[in-house]
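Trainee: Need coordinates for the below:
(2 chains)
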Amino acid sequence: MDPNLHVQENYANPKTCFFHVLFKAAALAFYILSALFISNFVIIFVMTVLLAALDFWVVKNVSGRILVGLRWWNEINDLGESVWRFECLDQESLARMNKKDSWLFWWTLYLTAVAWTVLGIFSLIRFQADYLLVIGVCLTLSVANIVGFTKCRKDAKKQIQAFAQQTIASHVSSTIQSAFSVV
Amino acid sequence: MSNAHHHSDTVPLHASSQSDIDEIEDLIFASVQAGPATVRPAPPVSPPRAQIPAFPSTFSPSYIPTPPPIASSQKPMPVPAVPPPPPLPVSSAGSGIQNDISAGGFGSAPSTLTEPVWDTVKRDLLRIVSNLKLVVFPNPFRDDPGKALRDWDLWGPFFFIVFLGLVLSWSASVKKSEVFAVAFAVLAAGAVILTLNVLLLGGHIIFFQSLSLLGYCLFPLDVGALICLMKDNVVLKVIVVSVTLAWSSWAAYPFMSSAVNPRRKALALYPLFLMYVSVGFLIIAID
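Mentor: Residues are numbered from 1 along each chain as shown, chains lettered A, B, ... in the order given. So this is what the prediction gives:
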């Protein structure tokens, strides 16, 4: 009996998952609840945008790396051009990533963007331009992360294909070379 | 080999087989002598090898926060150096760990697993401070504006814009929320529009680098607004605002002017001065 098959799959990184969800939920909750209790718009704005920015940083730098093994950033090369880098782990490590972790990662990412859009529609209906500003900023941050990580995944697949082709090519050439050396 | 067998399915490895792989890896490293720092403590549930990067060609030296203790001659490790046939964790992890150390971003992962947040936070904070020093204070790099904000980040600008909005809102006696919203929107939209302006004039700047620069150049105005908040004298306000305005413009000038054709320099710089002057008026006029 192979005990591996019967192991209940749990979150491999519970702390990271917690933080991943914490700031998103806090930003949404603060925004929704504060509109009921706090009348000062400035506080609502600053706290919500701060929480959304912290969430962006946590997802981009910490949970993206640990939960799904993807990372993206922008850098400026020596020629002064801007280059976007998308990085992923190798195939084996990707296959080894915890399924529950990555499920949580992607679903919360998409759900927050949807939630912010819905809230935006509400404030649009109520003609509240300043709340729309808050939502605009938060939505931009969520969408940026979604786009970045989705491109990472696509890039990952492309790179894996290229790598596979390259290894096959080099393997073939090395076998040919060794065949020639024997002759 | 049972390890390869565990590999072919996608179920995450059980802890015991994980440690088997570790032992085998350590043995192979001991024999290959890959280097002293590759030996890491036995990983917990989430293995540090999960941080092993696969494609060293995508790593750039600029992302290394501190010089790695191992010989950095390992840095340009080309992909074909990976022995092709066995897709076992050993071989990929072997080259991966060597690249792990040289690579910086993913490579700092072993230490960041133990302190994930703090190290990255420190690195980002240091970057904010160094960017601020590069942009706002006199330094030898001002002659080459392209190098100035190579490592751009938007955290500094975010803090400065929010701080300026807060100070303006605090010093307003009525309509505090509107003042904040207007200040934030004007500054954010102004930065975007100024960047678009330069791009439309046929200049060569990078969007985020320019946003970052314009945000950092708000630092003198932040200082000016803070001083005006504390002392309510109109003459003092005018003097302080003029000085900080000049300082902001001096900080932003080389970057903007070098980005465009010399004949269009004035077209690129005029909106910049306009925005800073209007923010300055906002600071003076608030009572």
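
Trainee: So for B:Phe184, what's the nearest residue that isn't a sequence neighbour?
Mentor: Nearest residue to B:Phe184 in three dimensions, chain neighbours excluded: B:Gly165, at 4.6 Å (C-beta to C-beta, 6 or more residues apart in numbering or on different chains). Every residue, glycine included, has its C-beta placed from N, CA and C.

Trainee: wait, that neighbour sits on B:Ser177?
Mentor: No: shown here, B:Gly165 and B:Ser177 do not form a contact pair, counting by C-beta atoms under 8 Å, at 10.4 Å.

Trainee: just to revisit the earlier point, the residue nearest to B:Phe184: helix or strand, and which one exactly?
Mentor: helix B:155-171 (DSSP states H and E).

Trainee: ranges for the helices of the chain?
Mentor: I went with chain A, as the question did not name one. All helices of chain A, identified by DSSP state H, fall at A:3-6, A:14-37, A:41-58, A:91-96, A:99-125, A:129-182.

Trainee: that's the wrong chain, I wanted chain B
Mentor: With DSSP H as the criterion, chain B has helices spanning B:2-8, B:15-32, B:89-103, B:109-114, B:116-136, B:145-148, B:155-171, B:176-200, B:207-216, B:219-230, B:234-259, B:265-285.

Trainee: Show me the least confident stretch of these, going by mean pLDDT.
Mentor: For the helices of chain B, the weakest mean pLDDT is recorded on helix B:89-103, namely a mean of 34.

Trainee: Need the overlap of contacts for B:Gly165 and B:Ser177.
Mentor: Common contacts of B:Gly165 and B:Ser177 (C-beta atoms under 8 Å, 6 or more residues apart in numbering or on different chains): A:Val42.

Trainee: Neighbours of A:Ile121, how many?
Mentor: 11 (other C-beta atoms under 10 Å in any protein chain shown).

Trainee: related to what we said a few turns ago, okay, the angle between the helix holding B:Gly165 and helix B:116-136?
Mentor: What separates the directions of helix B:155-171 and helix B:116-136 is an angle of 80 degrees, with axes from the mean of the first three to the mean of the last three C-alpha atoms, to 10 degrees.

Trainee: could you measure A:Ser39 against A:Gly136, distance?
Mentor: Counting by C-beta to C-beta, to the nearest Å, the separation of A:Ser39 from A:Gly136 is 21 Å.

Trainee: Which residues does the helix holding B:Gly165 contact?
Mentor: A:42, A:46, A:49-50, A:53, A:57, B:124, B:128, B:131-132, B:176-177, B:179-180, B:183-184, B:187-188, B:191, B:211-212, B:214-216, B:218-219, B:221-222, B:225-226, B:228-229, B:279, B:282-283, B:286-287.

Trainee: One more: stretch A:116-129?
Mentor: For stretch A:116-129, contacts defined as C-beta under 8 Å, 6+ apart pick out A:Leu28, A:Tyr31, A:Ile32, A:Tyr131, A:Leu132, A:Ile135, A:Gly136, A:Cys138, A:Leu139, A:Ser142.

Trainee: top of those by neighbour count?
Mentor: Busiest of the contacts of stretch A:116-129 [other C-beta under 10 Å] is A:Cys138, holding 27 neighbours.

Trainee: so it touches A:Met47, yeah?
Mentor: No: shown here, A:Cys138 and A:Met47 do not form a contact pair, counting by C-beta under 8 Å, at 11.5 Å.

Trainee: The closest residue to chain A within the stretch 151-287 of chain B: neighbour count?
Mentor: In the stretch 151-287 of chain B, the residue that lies nearest chain A is B:Ser177 (3.6 Å; C-beta to the nearest C-beta). Neighbour count for B:Ser177, taken as other C-beta under 10 Å: 17.
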